[in-house]
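[1] Requesting a structural model of the entry that follows:
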Amino acid sequence: MTDLRVRIELVKLAHELHVDPEDVQFLDVLSPEQLRDLRGLVNRAAYEPHEHRFRRLASFGRLVPVPVAAKGTQVALGPLVAARVAAASDADFAVRLADHISPEFLSRLTPYLDPSRVSGIVSRLDDDLVVRVGHLTVGRKEYIPLARFISYVPVDTALRVVAEAPPIDLLRTALYAEDLDALDALIAEVPTERLADVLVAAHDADELADALTLLELISVPSRVRVVTVAQGLDADVRDALIRAVHHHDAWDALLPVLEALEVEQVVHLLDVPALREPDVRRRLTEVVAESGDPAAQAVLDAVAPRLEG
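    Down below sits the predicted model:
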């Protein structure tokens, strides 16, 4: 599913450049890894040449009372410059300043922040403030900034941020996560009912291909949890999922999961109209044979006779 990963990286690159994704579409000839490296170069080019100027602006703020500096930040600097100044600021001062800045303004500058440059600030902010800013950012559907901060806030805080978010927003945020270990930790704590809602929402929004892209990226234990939830969904959702797997030839991502499930769970997952189509059935059989994995072959041998019809 390289094509989908390329699309995700292009959206991230466009966000870094503050342009529309269409403006960087010509770069779709590059691999996801090349696009990620390019994005890193763009990030450094945006920060490093002017960092001394932002440090100077940050030092000016210390010459006046904190409430005055906070007011000036919101009125005079604007979100983009304020974000750059925050990255160049002393963490102690920035935390005190944040207490006097409205959550609305903090949310507006969040898309311009590089979390790795402000981690010392974010980790010291009050959790309630982080959640309030997160809620506002979710409301504006700023998926990329939300995803980038997964690594820098506690799991409990991240769960509070998305607790009331529409299920499809959770999928769209997770797609842009940079730290997959942090994403795995979050998936492990998301309630089962919430994961089910996300998969159903992906089906309803015709975004199961994006869900499969995410499935390829996360760890096998996280995949097992997601697919365990998926096998309990209605037949139309399961059928659409298997059709998406076949269409994007993503069987390799699914094989380790099938081995981890109980046979009855695998039967329920695969007992859908798609698996009764010769092309789909044949491709699954080929992928299992090509894998050379006796465990995968044993699972297929056990469930295949029960999928006839």
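
[2] Tally up the residues packed near residue 164, please.
    Applying other C-beta atoms under 10 Å, we find 9 residues neighbouring residue 164. Every residue, glycine included, has its C-beta placed from N, CA and C.

[3] For it, which non-adjacent residue is closest in space?
    Of all residues not flanking residue 164 in the chain, residue 135 sits nearest, at 7.6 Å (C-beta to C-beta, 6 or more residues apart in numbering).

[4] by contact count, what packs against the helix or strand containing that neighbour?
    Per DSSP states H and E: residue 135 is located in helix 127-139. Judged by 3 or more C-beta pairs under 8 Å, 6 or more residues apart in numbering; DSSP states H and E, helix 127-139 is in contact with helix 103-109, helix 143-148, helix 155-162.

[5] which of the ones you listed is buried the deepest?
    Greatest average neighbour count among those goes to helix 143-148 (a mean of 22), per mean count of other C-beta atoms under 10 Å.

[6] coming back round to it: wait, the residue nearest to residue 164 sits on residue 163?
    No. Residue 135 is beyond contact range of residue 163, at 9.1 Å (criterion: C-beta atoms under 8 Å).

[7] So for the two, which residue has more residues nearby?
    Using other C-beta under 10 Å as the criterion, residue 135 and residue 163 rank with residue 135 on top: 17 against 14.

[8] one step back: okay, the helices and strands packed on helix 127-139 in CSV with mean pLDDT next?
    Shown next, in CSV, are the helices and strands packed on helix 127-139 (pLDDT from 0 to 100):
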stretch, mean pLDDT
helix 103-109, 91
helix 143-148, 90
helix 155-162, 90
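
[9] What score does the residue nearest to residue 164 have for pLDDT?
    We note a pLDDT of 93 for residue 135 in this prediction.

[10] try residue 217
    pLDDT at residue 217 comes out at 86.

[11] Contacts only, for it.
    Shown in contact with residue 217 (C-beta atoms under 8 Å, 6 or more residues apart in numbering): 5, 180.
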